[in-house]
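Enquirer: Take this sequence and fold it.
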Amino acid sequence: MLVAGFPAGSFAANCYLVAPAAGEECVIIDPGQDAEAGIDEILREHRLKPVAVLLTHGHLDHVWSVAPVCGAKDVPAYIHPDDRDLLTDPAKGFGLGAGQQLFGGLTFSEPDDVKELSDGVVVELAGLRFTVDHAPGHTPGSVTFRTPATQELPDVIFTGDLLFAGSIGRTDLPGGSYEEILKSLSRVCLSLPDEAAVLPGHGEQTTIGRERAANPFLADLAPTDGPNKGF
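Expert: Now for the predicted structure:
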């Protein structure tokens, strides 16, 4: 599997492109602020053809460029329904009312084709299989995307702003819940094997084992088995 990524814009939200190999179809995960140029560079470098955009949640730093990217590539966007309204009113995620109050007159719109995600669904795109786990706490519609382990690679989970290296997502914005994010971490993350690779929405890559051992927010958590761990 090929995974290429970069921190997009002033928020430094990680945008990932995922494909079976160079020269194949790919998906784009979380195209944030000013992400178009970085996406196009990776597409050219690896000769990739995008077929969809996957969104871990609706906060602006992760969805800023979703409409122009989907429009330019003529591909759908996938998001959980509980965060869909943030595509058109991103300031709602900050509790500020109309988006223009925060972004100086900028307006945001949905892509022409939006598909809604649900917990446990397996999305098959670009020759890859992503299991969606609903993981509320950072936002009501936060999700993660998991690809299964192979002989060559461990499980890979794109965690958005659920789990970071050494930290977890903030819960003090509208729709956030510290109690809910701890439940999501136990069910979605800690039930995975230690070798599972974590590709977060901000910062460096890590593993479940590293976070289980050293992340202070996980110290008192035990894994809980969710119903959707299989592929």
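Enquirer: Show me the beta-bridge partners of Ile28.
Expert: Counting by DSSP bridges, Ile28 forms beta bridges with Leu17, Val53.
Enquirer: OK, contacts around it?
Expert: The contact partners of Ile28, by C-beta atoms under 8 Å, 6 or more residues apart in numbering, come to Cys15, Tyr16, Leu17, Ile39, Pro50, Ala52, Val53, Leu54, Val69, Val75. Bear in mind the C-beta positions are built from the backbone N, C-alpha and C, glycine included.
Enquirer: Tell me which helix or strand the fourth one sits in.
Expert: By that I understand Ile39. helix 36-46 (DSSP states H and E).
Enquirer: Which residue lies closest in space to the residue most central in space within the chain, excluding its sequence neighbours?
Expert: By C-alpha atoms, centre = their mean, the chain has its centre lying nearest to Thr56, at 2.9 Å. With sequence-adjacent residues excluded and distances taken as C-beta to C-beta, 6 or more residues apart in numbering, Thr56 is closest to Gly160, at 2.7 Å.
Enquirer: ok, now Asp161?
Expert: Nearest to Asp161 is Gly169, by C-beta to C-beta, 6+ apart, at 3.7 Å.
Enquirer: okay, now that neighbour: neighbour count?
Expert: 27 (other C-beta atoms under 10 Å).
Enquirer: Could I get the contacting residues of it?
Expert: Contacts of Gly169 (C-beta under 8 Å, 6+ apart): Gly137, His138, Ser142, Gly160, Asp161, Leu162, Leu163, Gly176, Ile181, Gly201.
Enquirer: In three-state terms, label Val3 for me.
Expert: strand (DSSP: H, G, I helix; E, B strand; the rest coil).
Enquirer: Next, the contact list for the nearest residue to it once chain neighbours are set aside, please.
Expert: Once flanking residues are discounted, Val3 sits nearest to Val18: 5.3 Å by C-beta to C-beta, 6+ apart. By C-beta under 8 Å, 6+ apart, the contact list for Val18 reads Met1, Leu2, Val3, Cys26, Val27, Ile29, Ala126, Leu128, Thr147.
Enquirer: how much space between the fourth one and Phe11?
Expert: With distances taken as C-beta to C-beta, to the nearest Å, Cys26 is found 23 Å from Phe11.
Enquirer: ok, the two, which is more surrounded?
Expert: Cys26 (29 against 16).
Enquirer: Surely that one and Gly5 touch.
Expert: No - using C-beta atoms under 8 Å, Cys26 makes no contact with Gly5, being 11.7 Å away.
Enquirer: show me where the chain has strands.
Expert: 2-8, 13-19, 25-29, 49-54, 77-79, 114-116, 122-125, 128-134, 143-147, 156-160, 163-164, 167-168, 197-200, 206-207 (DSSP state E).
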